[in-house]
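Novice: Next one to model:
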Amino acid sequence: MNKFFSILVIAGVPLSVIGSLFHWSAIIMFIVYCLTIIALASFIGRATESLAIVMGPRIGGLLNATFGNAVELIISIFSLKAGLIGIVLASLTGSVLGNLLLVAGLSFFVGGLKFKRQSFDIYEARHNSGLLIFAVIVAFVIPEVFTNTMNDQETMMLSVGVSIILILLYLAALLFKFVTHRGVYQNIDDTNKEHDETPEWGKVRAMLVLALATVAVAYVSEHLVDTFDVVGEAFGWSELFIGIIIVAIVGNAAEHASAVIMAYKNKMDVAVEIAVGSTLQVAMFVLPLLVLLSLFFPTTMPLVFTWPELISMVTAVLLMIMLSNDGDSNWFDGLVLLAAYVIMGIGFYYV
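Specialist: The predicted structure is shown next:
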């Protein structure tokens, strides 16, 4: 399988460059771009696995989420510069839904088919639950309520204030997790995990592969976005559906693949860290950063979502908390998350 993906990358990356330069058919290039991103995602998954063995599941998952979200951040900045505020907010909504329902759902489901019961750090799950409630329910819903009585300038000022608080709290959470309380909250059997495994790549090579693959994914993803208008028209996809479902899935393809691979190998700490950690990074860092960056563009982006987007994100957060707070997962938990994602996808398709 690794050889197949290697061949796909060797062929897909040059074809992506040539096709974008010579303006090949948008539908053909859509397929080429998607296959190339999937192949590149396999390399990111292998690099993440190596780093998780060498540096621990938390750091491995954080690096995967960071490199994966870097792709989405790049795409969002280009869209923000073009004034596509609705697409940016929709894609970030889709990222939250995709990570909590699709990525976690596939991880629980695929891992649960191989193992009857899988466990992960319960303390980490509870810590993340609190952050999810704050980031999505407090920081997203509360401003939406107050902005009903505000003008555009006041709404933007509130959005900037909330964004700064989110970024500071996210940095504090990293300090708490990796510095002041590193190893304090840990399952007894965690200390013996991973020590008998040999990483496929060393730390330097794995990080180099992760960086190069992410750059390649960013390039391909940027051009993939240009095909959405034609493909959406051909398949009858609305702009909202493209932003929430298609852009989010493509932008997070690397994380999707990595989390599922980790779950299949019963490395649920890494899988959960990728899914939930990526969600927190999007909600508490990427989105607030884009709000602040929008101040330098002609069109500013307030932290205001539509009610379907908000209700969907709140539902995803509450469902994920209910299913993961016990530090235990199985294939049926995954199926519940996937079913919720499909229902929301159908809803956004017809909005």
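Novice: Leaving out the residues flanking it, which one is nearest to Met150?
Specialist: Leu158 (6.8 Å; C-beta to C-beta, 6 or more residues apart in numbering). All C-beta spots, glycine's among them, are computed from the backbone N, C-alpha and C.
Novice: residues touching Val276, list them.
Specialist: By C-beta atoms under 8 Å, 6 or more residues apart in numbering, Val276 lies in contact with Asn99, Leu100, Ala104, Ala125, Asn128, Leu132, Met320, Ser324.
Novice: Pull the number of nearby residues for the second one.
Specialist: Applying other C-beta atoms under 10 Å, we find 28 other residues in the vicinity of Leu100.
Novice: From Ala139, how far out is it?
Specialist: 16 Å (C-beta to C-beta, to the nearest Å).
Novice: before we move on, the earlier item: my guess is the residue nearest to Met150 meets Pro143, correct?
Specialist: Yes - taking contacts as C-beta atoms under 8 Å, Leu158 lies within contact range of Pro143: 5.6 Å.
Novice: anything in contact with each of those two?
Specialist: Common neighbours of Leu158 and Pro143 (criterion: C-beta under 8 Å, 6+ apart): Leu303.
Novice: Is the residue nearest to Met150 in a helix, a strand, or coil?
Specialist: Using DSSP: H, G, I helix; E, B strand; the rest coil, the structure places Leu158 in helix.
Novice: Now do it, the pLDDT please.
Specialist: Reading off the confidence values, Leu158 has pLDDT 92.
Novice: can you name the two of the contacts of Val276 that are farthest apart?
Specialist: Asn99 and Ala125 (14.7 Å; C-beta to C-beta).
Novice: Who has more neighbours out of those two?
Specialist: Shown here are Asn99 and Ala125; by other C-beta under 10 Å, Asn99 has more neighbours (31 against 21).
Novice: Next one: that one from Glu49, what distance?
Specialist: 19 Å.
Novice: What of Leu287?
Specialist: 28 Å.
Novice: Please list all residues in contact with the residue lying closest to Val103 once chain neighbours are set aside.
Specialist: Nearest residue to Val103 in three dimensions, chain neighbours excluded: Ala275, at 4.4 Å (C-beta to C-beta, 6+ apart). Listed by C-beta under 8 Å, 6+ apart, the contact set of Ala275 reads Asn99, Leu100, Val103, Ala104, Ser107, Glu255, Ala259.
Novice: most surrounded residue in these?
Specialist: Ala259 (36 neighbours).
Novice: Run a quick check on it versus Ile274, I expect a contact.
Specialist: Yes - Ala259 is in contact with Ile274 according to C-beta under 8 Å; the separation is 4.2 Å.
Novice: shared neighbours of the two, anything?
Specialist: Jointly contacting Ala259 and Ile274 under the rule C-beta under 8 Å, 6+ apart are Val103.
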